[in-house]
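Enquirer: need a structure here:
(chains A and B)
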Amino acid sequence: MRIAGTRFGEIELEDSKAIVFPRGLIGFPEARRYVLLQPSAPGRVGWLQSIDSPELAFPVIDGGNLGAAYPHPAPAKLAHEAGLGEADLAVLVVVAAEKGKGLVANLLAPLVVDLESRSGAQVVLDPKQYSAAAPLS
Amino acid sequence: MLILQRRLGQRIVVSGGIEITVAAISKTGVRLAVSAPRGVSVLRGEVYDDIVKANARAADSEGVEIETTEAIGPPRRPS
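Expert: The predicted model follows:
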């Protein structure tokens, strides 16, 4: 499989690396297949690159680096509620960067991915507890 | 758009196993009880809008380091 991404140029990948979000991301329901591009070093920003829309990519960080209390509820419960497998769960947090400002993280709506079944969903946590634009230090 | 008149305790049924019941009515608002199958998310409109905005901002991000190349594959199985 070959993706002509607009951010990273051409990427050649094995088909088995695709991750399917059956409902897409919130506000992006049409783009369902993605690949997860690893950050250059642990704790840095990785990318969720759309396979179907080459111009679409979301910067993400590993939710596992945000402390043991995140996310609440726990990933297994979130995956169950989203109808996902629970075998090998990863939590990704979408971040945004604007010129001159730091990174803000969408803690309210993380991506829960089961790396075993290669499927994921963007889930929504309690808006009283988490912000969709939390500044990262 | 479909507009319906409902009284306290009455329901609206949406295909896909979604039911919305008028749970309480007061001078200032209406309480709705929504039941939906697993995997169907039910959100307040303003929360949904916030998340759409956050996703769109993320996709438009500039200046985030981009030296990422290696895709995360399926988990390695014990041999």
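Enquirer: Residue ranges in chain A under the pLDDT threshold?
Expert: For chain A, the stretches flagged by pLDDT under 70 are A:100, A:137.
Enquirer: before we move on, what about chain B?
Expert: In chain B (pLDDT under 70), the answer is B:63-79.
Enquirer: need the longest strand for it.
Expert: strand B:18-25 (DSSP state E).
Enquirer: Report the buried residues of that strand.
Expert: Neighbour counts over strand B:18-25 (16 or more other CB atoms under 10 Å in any protein chain shown) mark B:20-22 as buried. Glycine gets a C-beta too; all of them are placed from N, C-alpha and C.
Enquirer: Looking at the residues you listed, spot the one nearest chain A.
Expert: Lowest distance from chain A to these (CB to the nearest CB) belongs to B:I20, with 18.2 Å.
Enquirer: May I have the beta-bridge partners of the residue nearest to A:P39 when sequence neighbours are not counted?
Expert: With sequence-adjacent residues excluded and distances taken as CB to CB, 6 or more residues apart in numbering or on different chains, A:P39 is closest to A:G46, at 4.1 Å. With DSSP bridges as the criterion, A:G46 is bridged to A:V60.
Enquirer: Now do the longest strand of chain B: which elements does it pack against?
Expert: strand B:11-14, strand B:30-35 (3 or more CB pairs under 8 Å, 6 or more residues apart in numbering or on different chains; DSSP states H and E).
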